[in-house]
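Asker: I'll drop the sequence and a predicted model, then ask my questions.
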Amino acid sequence: MSEWPEIDDANTFAALVRAYEPMRLFTQFFEDAFEFIWERIAGHAESREAGAVLDHLAVTASPVPRGDGHPAYDVPEPDPAHPMFVLTRVALFVPFLARVRSPSKVVESFQGALTCVLGNVNQPDNLVVRSWMDVDDLGLDRFMTPDTDLYQARMLSVGTWLPSDYPPGSPEREAAV
């Protein structure tokens with residue numbers, strides 16, 4: 001495995017986003033994406049055991065962004081050389097190492113991955129946010145990269161398309177008329 005720098009604060013995470021353009025696909029929706037990730041992992045840790053508090057979080061491998069969408073069908077004069085694309089949902093897979101204080105174990109470290117999906121990003125009044133935390137209780141580095149099928153299924157399970165998200169002439173679009 002190549003050497004990965006520890007990313008354990010908002011500034012270092014922001015530097016990663018600046019260096020890796022595809023991350024902006026997801027992070028553009030947050031003022032502080034690292035804080036959002038921290039809060040999601042803290043919430044999942046607390047749901048594992050009441051009273052658990054996240055003490056430390058480090059991103060342990062390159063996050064994997066993904067998006068879903070369609071061509072902009074309703075553009076008055078589409079330019080084939082510069083097609084417009086409408087995002088409908090975005091996702092981010094983040095491998096991490098966390099340290100948690102809990103009532104039963106005092107301090108526990110665990111590794112895993114957080115998958116976050118924002119659905120309906122093209123419908124700001126109807127944005128849907130969902131996340132999953134997978135914990136590697138065996139310590140085998142199983143979540144350094146996403147399971148492609150599971151990642152895709154989770155992303156597509158969040159949000160819904162509008163009739164205008166379907167191509168002109170399609171049954172889904174025509175049913176709304």
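Answerer: Thanks, I have the structure now. Numbering: from 1, shown residues only.

Asker: so which bits of the strand or helix carrying D55 are buried?
Answerer: Here D55 sits within strand 53-59, counting by DSSP states H and E. Buried residues in strand 53-59, counting neighbours by 16 or more other C-beta atoms under 10 Å, are found at 54, 57-59. Backbone N, C-alpha and C define where each C-beta goes, glycine included.

Asker: where is the longest strand in this protein?
Answerer: What stands out as the longest strand in the chain, according to DSSP state E, is strand 85-102.

Asker: list the strands paired with that strand, with their directions.
Answerer: Strand 85-102 pairs in its sheet with strand 53-59 (antiparallel), strand 64-71 (antiparallel), strand 106-119 (antiparallel), by DSSP bridges.

Asker: from the chain's centroid, how far away is stretch 161-175?
Answerer: Centre-to-centre, stretch 161-175 and its host chain are 26 Å apart (C-alpha atoms, centre = their mean, to the nearest Å).

Asker: try stretch 54-70
Answerer: With C-alpha atoms, centre = their mean as the basis, the mean position of stretch 54-70 lies at 6 Å from the chain mean.

Asker: can I get it as PDB, trimmed to CA atoms?
Answerer: Only the C-alpha atoms of stretch 54-70 are listed here, as PDB (Å, rounded to 0.1, in the frame of the first residue of the first chain):
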ATOM      1  CA  LEU A  54     -16.100  10.700  18.500                       C
ATOM      2  CA  ASP A  55     -12.600  11.900  19.700                       C
ATOM      3  CA  HIS A  56     -10.500  11.600  16.600                       C
ATOM      4  CA  LEU A  57     -11.100  11.000  12.900                       C
ATOM      5  CA  ALA A  58      -8.500  10.300  10.200                       C
ATOM      6  CA  VAL A  59      -9.200   9.700   6.500                       C
ATOM      7  CA  THR A  60      -7.000   6.700   5.800                       C
ATOM      8  CA  ALA A  61      -7.200   6.400   2.000                       C
ATOM      9  CA  SER A  62      -8.400   8.400  -1.000                       C
ATOM     10  CA  PRO A  63     -12.100   9.200  -0.800                       C
ATOM     11  CA  VAL A  64     -14.100   8.000  -3.900                       C
ATOM     12  CA  PRO A  65     -16.600  10.500  -5.300                       C
ATOM     13  CA  ARG A  66     -19.400   9.500  -7.700                       C
ATOM     14  CA  GLY A  67     -22.200  11.300  -9.400                       C
ATOM     15  CA  ASP A  68     -25.400  10.400 -11.300                       C
ATOM     16  CA  GLY A  69     -27.300  12.600 -13.700                       C
ATOM     17  CA  HIS A  70     -28.400  13.100 -17.200                       C
END
